[in-house]
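Novice: please work out how this folds:
(3 chains)
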Amino acid sequence: MTGRSRLGGVLAQVFMVVAVALWVTPILFALYVALRPISETNRLGYFSVAKKLTFENFANAWTQSDMWRFFLNSMWITVPAVILTLVLASAVAYVIARVNVKFNLSLLILFTAGNLLPQQVIITPLYRLYLAIPLPKFLSESGLMYNSITGLIVINVAFQLGFCVFVMSNYMRTIPKEIDEAAIVDGASLWKRYWRVTLPLCRPALAALATLLTTWIYNDFFWAITLISTGNKRPITSALANLQGQFVANQNMIAAAALLAAIPTLVVFILLQKQFIRGLTLGATKG
Amino acid sequence: MSDPSQSLIRAAGPLSRRSALKGMAGALGLAALPSLLAACGSDEGSSQGASAPATAASSAGGGAVTFGSNYSDEATKNAFAALVTAATAATGVKVTVNTVDHNTFQNNISSYLQGTPDDLATWFAGYRLQFFAAQNLLEPLDDVWEKIGGTFNDAAKSLSKGVDGKYYLVPLYNYPWVVFYNKSVFKDKGYEVPADWDAFVALCKKMQKDGLVPLAFAEKDGWPALGTFDIINLRVNGYDYHIKLMKHEIPWTDPGVTAVFDHWRELMPFMQKGANGRLWQDAAKDLENKKAGMMFQGSNQVAANYDPSNLGDLDFFPYPVINAQYGQDYMDAPTDGFMLPKNAKNKDAAKKILEYLGTGDAETTFLKTDQWDTGIANGLVAPTYNDIQKKGAQAIAACKAVSQFMDRDTVPDMATAMIKGIQSFIDNPSAANVTSIQKSAEDQAKTIFA
Amino acid sequence: MAVSAPAAAGTAKGPRRRRRFSRRDRLVIVVLLGIPLLIDLAFVWLPAFASLLLSFTKWTGVGSITLESCSDLPKVPGIPQPGCLYGLENYHQAFTVYPDFWPAVRHNAIWLGVFIILATPLGMLFAVVIDRGIRGSRIYQSVLFLPVMLSLALIGIIWELIYSPNYGLINSLIGRTGNDNLIDWLGDPNLNLWAILVEATWRQAGYVMVLYLAGLKAVDPALREAALVDGASARQTFFRVVFPVLRPINIVILVVTVIESLRAFDLVYITSKGNPLRGLELLSVAVTQNIVGETQRIGFGSTLGVVLLVISLVPISVFLYQVLRKEEA
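Specialist: This next block holds a predicted model:
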């Protein structure tokens, strides 16, 4: 090793250590504040030596807001939305990759471009549309798409479809065509070739996308803010805005609530980080 | 999950679910497509549509309503829960409360009323009530008022009416916007309650010299500083001027408005810096911690934010006199109450609840837990009133007229425009900036009131 | 590819192909394509198109829209008109009277600028350093990536503790919590956009880093070694050899950057509690404020949405062009 590159190595280490320190500070600071009683930080400010560390704020945030309800809502939205998106996107992707329909390319453009639109561009009519579409009572207490978990699932599916179609169709093209053709020779129907032959081969891509979608849909803020009006039907991420109103005089408790809301994504982060990154990069590098 | 309508459906068994499905299928085919963009109209037809499930619910449950509430912070939530329990006890109507935080509730109100509102909802008196009543989104309450009319004075009555002269609100409480201070601080430093503007400015100077922030101040939420504009306007130009300005019968470029900003500019050096980024709760904290000498805001905020153990030290005085012609005749005393959405499902039961809410008894129940607002019923002095509440009720009663607050007396868009303008003033209170703020306000008023 | 396949297979294949699909297969194709297509059209493209139509109307969102010009309808003071045709008036008002419009455009542009000048190169730098495999690079990568997992709403909340004027971390650290000297990070219109951009960069840099790392991993190591053997310095290798190979990923990152800056919403919304503070106006927030506020100006909000749509069509086209070019190659 030359002196210069050793120096470069030291510089790189210093740079990364500083960056990492800066990067964790906000999260650790929020944790620190959340662990301190409001009476203490009101007197001393957040930046002071803690006299008492307690989980009281977490416990209070949890019980006072019935937080389990928001988590449950998030689950009811995220799980069906992820599954539906993957099934529908892989269906389109399969047709695009394996069946020669004339407008293949236009389809791909349509889906991909739709995913890139800013959400605010479509929200106004969507909102009226949701107020106009009735749903049976077992799908929506309100009897409408608006203010229903079903409605949130549908828009999340519609909006995420584009990205997933794009990734899946790229991925399916890396699967040798011969496999599909051999199945044709065996007399497999199109449905069988899609569901039994191709989809199992896409497992890595599906796993990566599922991780990514779970995080994205769980983290969605905008759709839930605009399309859900009943406080206790909100998923946790947008319920945070509610909690901000509810614990308004207690920033420490808001911090605790925010950190609690982060737990599922942190679990994904710790266990499935690789999948998540794979999902992101599948879309980026193979495009 | 615990929505009673759900359990009703479940109890009614498969039959109702199937028929509901059938009804939906019909509605989907016939109604959905042509009305995609028009959504549910607010004409008479829509209320008929909404009444169908209502009869089902009332015949099955004998009277249960849902209540949309924006009483979202812990203390008010508890006070409201007590009120609702008492209402159920008095009427036999079961009530499920659906709480949404204050800001979200307001932002969603238009779609909420047009969509599937609760049977009752919390709301505000003033233009903000009339605006939605005029668009046929609220149910008139004249029959309710026939029974509760005796409880309220004329001022409360007129606040509860729409422009068509019908009643749309049952009021619960109001609260004064006044200058708060800590008695101990005034006693220790020998300060006196200022009677007029000059004394007020002099007091501010003195406090500053003593190392206090004279006026705690916060504007991050947007609305608090509108109160300062309102009170100076009421003191300088009077109540009628305020109302005309709010209705855009006087232009925002009027010299009267300039005079308001001119007075405010005198105070700016004494107001807490960085207000645009501070929540009012933090400003109230500074008053409570005695870092600040005074704070002008509603008792619903300042007193509610005080630790109960410090509440005994809190006191207030009405805003000092600026123009002798109007003295201390007016103040903002916003009134909160309840409305019945036109699309409500169980209106009969809701009206029963409203009849109870319009009694002194109901107010007393609410005020047992609420230690900062004041009841509206004639001559009500709740046994649980603390000094602040007693004094607040007197201060409001002493006024010749009370206004509601800028964001309740004018079109909400206009209030939003003025929030921007006033935040700009706080950053740069120069005369030149005031001119451009007034011009921009007037330009926007022209499009908003067009 | 899918489109070029039949061409390569020759024209004779056309009719034979058809026979490859039974009637049932064709039905399956229709279902497989039809359902997602219907959802996408109904809930994404139909609203986008309707936004355009609504932008020529004035409507409070209550009742329906009449097909009459607003100027022909009677005006009652204090009561809004029913929905009516407004021509280009909304656009006129947006460009001239509406005070948030130009600041919003400027702030979106600044947002984009900061992402391009700061967040993206920072993310690339992280990626390049980590890619060199220095000690601890896995931990570094994880920590820098962490914010990407968090929702922007949550990021807005935890950063408020950092920026709080009287109690926050920064002002406490630098001793500026007094009334005379405090720095109002989130309220001062000259500062708050930059403060929020620090939060946004904190997240975006990790995002770019991950994308770029994947690109770097895909670069053939032999290419780099060859360059090094030829006596090129590490820097030269990167800029002359690696960077050009990464052209596609660079474009993807560019598009992601532009789209993310147009979509910027959550941070500002949560920081200003839905009521945009001066200095934080953004197009997305302005749209939302007009259409979901207490009183709605649906027509006007749609107009702002259309402006946003027109702007975002530029990066979308760039992206599609890049993708299609690869398809054809």
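Novice: domain-wise, how is chain A divided?
Specialist: According to automatic domain parsing, chain A comprises the domains A:3-57, A:68-285.
Novice: please enumerate the strands of chain B.
Specialist: Across chain B, reading from the start of the chain, the strands by DSSP state E fall at B:64-69, B:94-99, B:120-124, B:170-174, B:177-182, B:213-216, B:292-298, B:314-317, B:330-332, B:335-339, B:374-375, B:401-403.
Novice: distance to chain C and mean neighbour count for these - can I get that in TSV?
Specialist: For the C-beta atoms, the positions are set from N, CA and C on the backbone; glycine is no exception. Output for the strands of chain B, formatted as TSV (distance: least, CB to the nearest CB, whole Å; neighbours: other CB atoms under 10 Å in any protein chain shown):
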stretch	distance to chain C	mean neighbour count
strand B:64-69	14	25
strand B:94-99	17	19
strand B:120-124	10	25
strand B:170-174	20	25
strand B:177-182	17	24
strand B:213-216	5	26
strand B:292-298	8	26
strand B:314-317	20	20
strand B:330-332	19	24
strand B:335-339	14	24
strand B:374-375	26	26
strand B:401-403	16	20
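Novice: out of those, which comes closest to C:Val208?
Specialist: Distances from C:Val208 to each of the strands of chain B were compared using CB to CB; the shortest belongs to strand B:94-99, at 40.7 Å.
Novice: spatially nearest residue to B:Thr295 (excluding sequence neighbours)?
Specialist: You called it Thr, but residue B:295 is Met. B:Ala216 (4.0 Å; CB to CB, 6 or more residues apart in numbering or on different chains).
Novice: pretty sure that neighbour contacts B:Gln272?
Specialist: Yes: using CB atoms under 8 Å, B:Ala216 is in contact with B:Gln272, at 5.2 Å.
Novice: intersection of neighbour lists for the two?
Specialist: B:Ala283, B:Asp286, B:Ala292 (CB atoms under 8 Å, 6 or more residues apart in numbering or on different chains).
Novice: ok, back up a step: can you tell me which of the domains of chain A is most buried?
Specialist: Each of the domains of chain A was assessed for mean neighbour count using mean count of other CB atoms under 10 Å in any protein chain shown. The highest is domain A:68-285, with a mean of 21.
Novice: that one and chain B in contact?
Specialist: Yes: Domain A:68-285 reaches chain B (CB under 8 Å from any CB of the partner chain) through A:69, A:125, A:127-129, A:131-138, A:141-144, A:146-147, A:225, A:229-232, A:241-249.
Novice: how about the helices in the stretch 151-300 of chain C?
Specialist: Under the criterion DSSP state H, counting those that start in this stretch, the stretch 151-300 of chain C carries helices at the ranges C:152-163, C:169-173, C:192-217, C:221-229, C:234-236, C:243-245, C:247-263, C:266-271, C:283-292, C:298-328.
Novice: got the buried residues for the fifth one?
Specialist: Under the neighbour-count criterion of 16 or more other CB atoms under 10 Å in any protein chain shown, helix C:234-236 has C:Ala234 buried.
Novice: what about that helix, near chain A?
Specialist: Yes: with CB under 8 Å from any CB as the threshold, helix C:234-236 lies in contact with chain A, specifically through C:Ala234.
Novice: just checking, what packs against that helix?
Specialist: Applying 3 or more CB pairs under 8 Å, 6 or more residues apart in numbering or on different chains; DSSP states H and E, we find helix C:234-236 packed against no helix or strand.
Novice: for the first one, same thing?
Specialist: Packing partners of helix C:152-163 (3+ CB pairs under 8 Å, 6+ apart): helix A:3-34, helix A:236-246, helix A:251-285, helix C:169-173, helix C:192-217, helix C:266-271.
Novice: for that helix, the averaged confidence score.
Specialist: pLDDT averaged over helix C:152-163 equals 91, rounded to a whole number.
Novice: and that helix with helix C:192-217, angle?
Specialist: With axes from the mean of the first three to the mean of the last three CA atoms, to 10 degrees as the criterion, the two stretches helix C:152-163 and helix C:192-217 enclose an angle of 120 degrees.
Novice: and for the longest one?
Specialist: Angle, helix C:298-328 to helix C:192-217, by the same axes, to 10 degrees: 20 degrees.
Novice: roughly how far does the residue of the stretch 51-200 of chain C at minimum distance from chain B sit from C:Arg278?
Specialist: Evaluated by CB to the nearest CB, the stretch 51-200 of chain C has C:Gly187 as its residue closest to chain B, separated by 2.1 Å. Separation of C:Gly187 from C:Arg278 (CB to CB, to the nearest Å): 9 Å.
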